[in-house]
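Trainee: Fold the stuff below for me.
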Amino acid sequence: MINAIILAAGLSKRMGSPKLVLPWDNTTVIGRVVDVLVQAGIREILVVTGGARRQVEAALKGLPVRTVFNPHYEQDHMLFSLQVGLASLPDSAEATLVALGDQPQVQLGVVRKVLQSYRDECAPLVVPSYRMRRGHPWLMKRSLWPGVLEMQPPHTMRDILVTFSDQICYVPVETDTILRDLDTFADYEREKPPG
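Mentor: Take a look at the predicted model:
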């Protein structure tokens, strides 16, 4: 089974307010990410919360997700959130899609392409790439999880891709949305759907 982890524990420092609960179409930023993963056929979705935990959990109410809290969220390391997520996945999970909670531009076609590439190639790490630049979401097979769980700062999420670079299957995509997330209110204003 392929599960998904949505990293949603950030502090929204540059945004100035909890960005994951901002409106996006008829839902919220985090709600949109969940919607896309559900449409892609992922049945088990784990959201790792931290900063603005109560607001994020309220925004997720009624959605088909499970949440887990990252107690180290104030250190602002996404690696910690990923580790909390990996440690919380069921034994039935053979791989996990790693998505960003602040990337509501994520496209269904990209997610499906990553999932299909994993099914076809069964590479340990499947990463979307736009013009030779890698982005999210990417997919990681269980065999790599122990190595990730052992990592400590100053290691970052990027170090995962460096450490396992020889096991990556890159999936070329035609959209730069895999590279963009929402860090500032200007990003949000620029990216949000009209209306």
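Trainee: Can you tell me how far the residue nearest the centre of the chain is from Val114?
Mentor: Centroid-nearest residue in the chain, with CA atoms, centre = their mean: Ala99, separated by 1.4 Å. For Ala99, the distance to Val114 equals 10 Å [CB to CB, to the nearest Å]. To be clear about C-beta, it is placed using only N, CA and C from the backbone, and glycine gets the same treatment.
Trainee: any common contacting residues for those two?
Mentor: Taking CB atoms under 8 Å, 6 or more residues apart in numbering as the contact rule, Ala99 and Val114 both touch Pro137.
Trainee: name the element the residue nearest to the centre of the chain belongs to?
Mentor: Assigned by DSSP states H and E, Ala99 belongs to strand 95-100.
Trainee: Check which helices and strands the helix or strand hosting Leu139 sits against.
Mentor: Secondary structure assignment for Leu139, by DSSP H and E: strand 138-141. With contacts defined as 3 or more CB pairs under 8 Å, 6 or more residues apart in numbering; DSSP states H and E, strand 138-141 has these neighbours: strand 95-100, helix 108-121, strand 125-130.
Trainee: Run the chain-centre distance for the second one.
Mentor: Taking the mean of its C-alpha atoms, helix 108-121 sits 15 Å from the chain's own mean (CA atoms, centre = their mean, to the nearest Å).
Trainee: Would you mark the buried spots in that helix?
Mentor: For helix 108-121, burial by neighbour count (16 or more other CB atoms under 10 Å) applies to Val110, Val111, Lys113, Val114, Leu115, Ser117, Tyr118.
Trainee: how much space is there between the first one and Ala87?
Mentor: It refers to Val110. 27 Å.
Trainee: Kindly report the same for the last one.
Mentor: Tyr118 is 21 Å from Ala87, where distance means CB to CB.
Trainee: can you check the fifth one too?
Mentor: Separation of Leu115 from Ala87 (CB to CB): 23 Å.
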